[in-house]
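**Student:** coordinates only, sequence not included:
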């Protein structure tokens, strides 16, 4: 009730909502997960971070140093900014 009153503009006789006040269940649609993010990222058990494997380790490794190959084989974890972006936009329903 308060949100609809807050969201409407009082200009003229027609008052329009500035943002949607309906929930996803009421609206009848869902957000789509990003297919590239689904293939690359996995959520951790806590749900507060994500992990991924690093690219560039599967082939053409002859000219790469041992240090570089070892670095590429480690797991990369998401930082705070990436986690917020992954949860909100790319993987809204998580990924396991």
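**Tutor:** Thanks, I have it. Everything numeric in this text was worked out from a predicted model, so none of it was measured. Residues are numbered from 1 along each chain as shown.

**Student:** please list all residues in contact with the residue nearest to the spatial centre of the chain.
**Tutor:** Note on the chain: the residue nearest the mean C-alpha position is residue 86, at 1.8 Å, using C-alpha atoms, centre = their mean. Neighbouring residues of residue 86 by C-beta atoms under 8 Å, 6 or more residues apart in numbering: 37, 41, 50, 78. Backbone N, C-alpha and C define where each C-beta goes, glycine included.

**Student:** wait, a helix at residue 88?
**Tutor:** Yes: counting by DSSP: H, G, I helix; E, B strand; the rest coil, one finds residue 88 located in a helix.

**Student:** burial count for it?
**Tutor:** 10 (other C-beta atoms under 10 Å).

**Student:** what separation do you get for it and residue 80?
**Tutor:** When distance is defined by C-beta to C-beta, to the nearest Å, residue 88 is 12 Å away from residue 80.

**Student:** and what of residue 25?
**Tutor:** Counting by C-beta to C-beta - residue 25 and residue 80 are separated by 29 Å.

**Student:** buried ones in stretch 45-52?
**Tutor:** By neighbour count on 16 or more other C-beta atoms under 10 Å, the buried set for stretch 45-52 is 49-50.

**Student:** point out where the protein drops to low pLDDT.
**Tutor:** Scanning the chain for pLDDT under 70 picks out 1-24, 96.

**Student:** which parts of it are strands?
**Tutor:** Remark: strands assigned in the chain by DSSP state E are 42-43, 50-53, 75-77.

**Student:** need those in CSV with distance to residue 67, can you?
**Tutor:** Shown next, in CSV, are those (distance: least, C-beta to C-beta, whole Å):
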stretch, distance to residue 67
strand 42-43, 26
strand 50-53, 18
strand 75-77, 17
